[in-house]
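**Q** predicted structure and sequence below. I'll ask about it afterward.
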Amino acid sequence: MTVLDQCQDAVAASAVLKRLTTEKKNAVLRDMVEAIETHLDSIIAANSEDVAAAREAGTSATLVDRLTLTERRAAGLTAAIRTIIDLPDPSGRVVEGWTRPNGLRIERVLEPLGVIAVIYEARPNVTAEVAALCLKSGNCAILRGSSTAMRTNRAIMAALDTAIAKHPDVPAATVQLVDDPSREAALELMRAKGYVDLLVPRGGPELIASVERNATVPTVIDGAGNCHLYIDATALPEMATEVVVNAKTSRPSVCNAIETLLVHQDLVTGWLPQALDELAAAGVEIRGCAQVRDAWPKALEATVDDWATEYLDLVLAVRVVCDVDEAIAHIREWGTGNAEGIVVQDIAVAARFAREVDSGSVFVNASPRYSDGGEFGYGVEIGVSTQKLHARGPMGLASLMTAKNVVWGSGQTRTVA
């Protein structure tokens, strides 16, 4: 079966999915949970093979981390689906309505986009999470993973297929895995205009650039995470240290880990050296501007490239700024619109930062590591949009919907042009 064949099957299936009740969709999701739990040993075994092959091939530690299904992450597959079951079904919800002077009742009603494709690298959890999100929202899912995680993705898909097969009224094409990891298959999916209603790429700069260059279908870019944390002069020292250490070290390989720390100049001789000591003790390599190196001589010299780099590793660029204006200006120049944070006690400074920083998520006195669909109450996310149309930030069920105008009348006719 070609990718285009799969897209055509998904279009046909999407018409059936629109008719499914919330109860039916939840029943399938519950069976998906049971199927994954039943197949968990084979999923973990397949993942172990993928991880071993990736290490043997010299794959970067960052990608190996994203590929690995630890016991906790494997349990997270079913926990995420259970969360989605408990979420309200957005399909058919009237988000607003009003009556015109002529008596027409206008309603804005949510409905599924139709067919959603995701191209992703490593990250086998995406297979289960996107399948569940799409099903609950009434969309068909076409999943094209990378060769790195192919064994794991096939094992997860086999479990999902058994769950769907229990429901004859649910099309088999509701969730499909593209079994061809080639570039040609990805390009075919990117160019399936008229079949794919939304494509979300989740991967490195090469994948994003390819989608931007080649896609003829609508896309939402899950882009880079060059995230920043600004420590204001009014920050509580202990809070500032805890937040920055968490934001950098809790899981450095993900897109919501910070890559640059911006520090108010009043904190250079007091708070900064102690904070950098704690980061260094956690294994973080510090690259700093001249003022940082003067205050903490163990820092390496930061170059312009460091401000632009998403390390996805235990490396942190640190810069001293005069005030919140300079911090905002730095983020405006180098940020990628993913997640930015500030630690501050001055409410006016916090409000300015939240208002003026151009990002999908802004965190005040909290770690940007919370930029995640699950943490936001979305269950899981299909990705983190770094653009502004049609979705922004972590994308949950609501981001997989469109709205139609449903107009109720009583025989009104329009008499003017």
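**A** All right, it came through fine. Numbers count the residues shown, from 1 in each chain.

**Q** and stretch 66-79, what's buried?
**A** By neighbour count on 16 or more other CB atoms under 10 Å, the buried set for stretch 66-79 is Arg66, Leu67, Thr68, Leu69, Ala74, Gly76, Leu77, Thr78. For the C-beta atoms, the positions are set from N, CA and C on the backbone; glycine is no exception.

**Q** helices - which of the residues you listed land there?
**A** Arg66, Leu67, Ala74, Gly76, Leu77, Thr78 (DSSP state H).

**Q** and Gln345, which of the three is it?
**A** Here Gln345 is recorded as coil under DSSP: H, G, I helix; E, B strand; the rest coil.

**Q** not counting its neighbours along the chain, what's nearest it?
**A** Thr234 (4.2 Å; CB to CB, 6 or more residues apart in numbering).

**Q** in a markdown table: the buried residues of stretch 66-79, plus distance to Ala209 and pLDDT.
**A** Listed next are those as a markdown table, based on distance: CB to CB, whole Å; pLDDT from 0 to 100:
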| residue | distance to Ala209 | pLDDT |
| --- | --- | --- |
| Arg66 | 19 | 88 |
| Leu67 | 22 | 94 |
| Thr68 | 26 | 94 |
| Leu69 | 28 | 94 |
| Ala74 | 32 | 87 |
| Gly76 | 30 | 87 |
| Leu77 | 30 | 89 |
| Thr78 | 35 | 94 |
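
**Q** where does pLDDT dip in the stretch 151-300 of the chain?
**A** Within the stretch 151-300 of the chain, no stretch has pLDDT under 70.

**Q** would you list every one of the strands in it?
**A** 175-177, 198-202, 227-231, 258-264, 285-288, 300-301 (DSSP state E, counting those that start in this stretch).

**Q** packing partners of the fourth one?
**A** Applying 3 or more CB pairs under 8 Å, 6 or more residues apart in numbering; DSSP states H and E, we find strand 258-264 packed against strand 227-231, helix 237-249, strand 315-321, helix 324-334.

**Q** how about the ones you listed, which one is nearest Thr21?
**A** strand 227-231 (40.4 Å; CB to CB).

**Q** ok, the residue lying closest to Ala299 once chain neighbours are set aside - contacts?
**A** In space, Ala299 comes closest to Gly288 once its chain neighbours are excluded; the distance is 3.8 Å by CB to CB, 6+ apart. Gly288 is in contact with Trp296, Ala299, Leu300, Glu301, Ala302, Ala317, Val318, Arg319, counting by CB atoms under 8 Å, 6 or more residues apart in numbering.

**Q** separation between the fifth one and Val406?
**A** So that's Ala302. Applying CB to CB, to the nearest Å, the value for Ala302 to Val406 is 55 Å.

**Q** which of these two has more residues huddled nearby?
**A** Ala302 (21 against 13; other CB atoms under 10 Å).

**Q** tell me the contacts of the residue lying closest to the more buried one once chain neighbours are set aside?
**A** Take Ala302 and drop its neighbours on the chain: the residue closest to it by CB to CB, 6+ apart is Arg287, 4.2 Å away. For Arg287, the contact set (CB under 8 Å, 6+ apart) comprises Ala299, Leu300, Glu301, Ala302, Thr303, Asp306, Val315, Leu316, Ala317, Val318.

**Q** sorry, back to before: could the buried residues of stretch 66-79 go into TSV alongside distance to Asn153?
**A** As requested, these are arranged in TSV below (distance: CB to CB, whole Å):
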residue	distance to Asn153
Arg66	13
Leu67	11
Thr68	14
Leu69	11
Ala74	14
Gly76	16
Leu77	12
Thr78	17
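
**Q** out of those, flag the one nearest to Asp41.
**A** When the buried residues of stretch 66-79 are compared against Asp41 (criterion: CB to CB), the nearest one is Ala74, at 10.1 Å.

**Q** and that closest one, how far from Gln412?
**A** For Ala74 relative to Gln412 (CB to CB), the value is 57 Å.

**Q** could you find the closest non-adjacent residue to Asp266?
**A** The nearest residue in space to Asp266 (CB to CB, 6+ apart) is Ala233, at 4.2 Å.

**Q** give the contact list for that neighbour.
**A** Going by CB under 8 Å, 6+ apart, the list of residues near Ala233 reads His264, Gln265, Asp266, Leu267, Asp323.

**Q** likewise for Thr152?
**A** Ile43, Ala46, Asn47, Asp50, Leu67, Leu69, Pro124, Thr127.

**Q** got a winner among these for most neighbours?
**A** That'd be Pro124 among these, by other CB under 10 Å, with 31 neighbours.

**Q** for the nearest residue to it once chain neighbours are set aside, give its distance to Arg191.
**A** Nearest-residue entry for Pro124: Thr152, 3.9 Å, with adjacent residues in sequence omitted and distances by CB to CB, 6+ apart. Thr152 is 27 Å from Arg191, where distance means CB to CB.

**Q** try Ala15
**A** Taken as CB to CB, the span from Ala15 to Arg191 is 23 Å.

**Q** looking at those two, which one has more neighbours?
**A** Arg191 (16 against 11).

**Q** ok so, going back, and the helices and strands packed on strand 258-264 as JSON lines, adding distance to Ser367 and mean neighbour count?
**A** Formatted as JSON lines, those follow (distance: least, CB to CB, whole Å; neighbours: other CB atoms under 10 Å):
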{"stretch": "strand 227-231", "distance to Ser367": "8", "mean neighbour count": "27"}
{"stretch": "helix 237-249", "distance to Ser367": "5", "mean neighbour count": "19"}
{"stretch": "strand 315-321", "distance to Ser367": "14", "mean neighbour count": "23"}
{"stretch": "helix 324-334", "distance to Ser367": "16", "mean neighbour count": "17"}
